[in-house]
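Engineer: model this:
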Amino acid sequence: MADFVFDNIEEMQRNRELEKDGIELGLPGNRVLIVRAASDANPQWRARSEQISNELRRLSNAKAPPERTRAYLARTYAELLVKDWRGITGHGVAIPYSVEAGTAFLIAADDAYAAVDGIVWDNKNFRSTRVNAVLEEVKN
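Structural biologist: Below you'll find the model as predicted:
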């Protein structure tokens, strides 16, 4: 097969390093979450993706209330997809990132949860080191 050189092909290729290492998700109020992709390039996600799919199916079959599914996904996102954060404070003091703090934040902050949920599933969002949540789009 002949070798071909395509112009501007990079914009149509996955960046597996960013999917694995994470990008900045800019939120209102100068808050930033570092999020990884829910993709095969993220080894933590890949190792648990079948278990996660099974649990989501179980919740759906059990007709679990949306709050229960969101709590499960918030914990899963905080553990496997949110790597760190900046600008998250409580009583004016920076809160260090932990799975517990991340879970609580994603449950409490509707827009942040929607932004993470709207970004992590599509690897096309991981082609640049930063993406800003557009709240009008996130709410839909």
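Engineer: Check what pLDDT N123 gets.
Structural biologist: Per-residue confidence (pLDDT) for N123: 89.
Engineer: That should have said M1, apologies.
Structural biologist: For M1, the pLDDT comes out at 57.
Engineer: Give the buried residues for the host helix or strand of E55.
Structural biologist: If you go by DSSP states H and E, E55 is part of helix 43-61. Buried residues in helix 43-61, defined by neighbour count with 16 or more other CB atoms under 10 Å: 45, 59. The way it works is simple: take the backbone N, C-alpha and C, and place the C-beta from them, glycine included.
Engineer: Let me know the angle separating the helix or strand following that helix from helix 43-61.
Structural biologist: Using DSSP H and E, the next helix or strand after helix 43-61 towards the C-terminus is helix 66-76. On the basis of axes from the mean of the first three to the mean of the last three CA atoms, to 10 degrees, helix 66-76 is oriented at 170 degrees to helix 43-61.
Engineer: can I get the CA coordinates of helix 66-76 in CSV?
Structural biologist: Below are the C-alpha coordinates for helix 66-76, written out as CSV (Å, rounded to 0.1, in the frame of the first residue of the first chain):
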residue,chain,number,x,y,z
PRO,A,66,-32.7,9.0,38.6
GLU,A,67,-31.2,10.2,41.9
ARG,A,68,-29.8,6.6,42.5
THR,A,69,-28.3,6.4,39.1
ARG,A,70,-26.8,9.8,39.4
ALA,A,71,-25.3,8.9,42.8
TYR,A,72,-23.8,5.8,41.3
LEU,A,73,-22.3,7.7,38.3
ALA,A,74,-21.1,10.6,40.5
ARG,A,75,-19.1,8.1,42.5
THR,A,76,-17.9,6.4,39.4
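Engineer: List the buried residues in that helix.
Structural biologist: 70-76.
Engineer: re the thing from before, for the helix holding E55, packing partners?
Structural biologist: If contacts are counted by 3 or more CB pairs under 8 Å, 6 or more residues apart in numbering; DSSP states H and E, helix 43-61 sits against helix 66-76.
Engineer: what packs against the helix it packs on?
Structural biologist: Short answer (3+ CB pairs under 8 Å, 6+ apart): helix 66-76 packs on helix 43-61, helix 99-108, helix 110-120.
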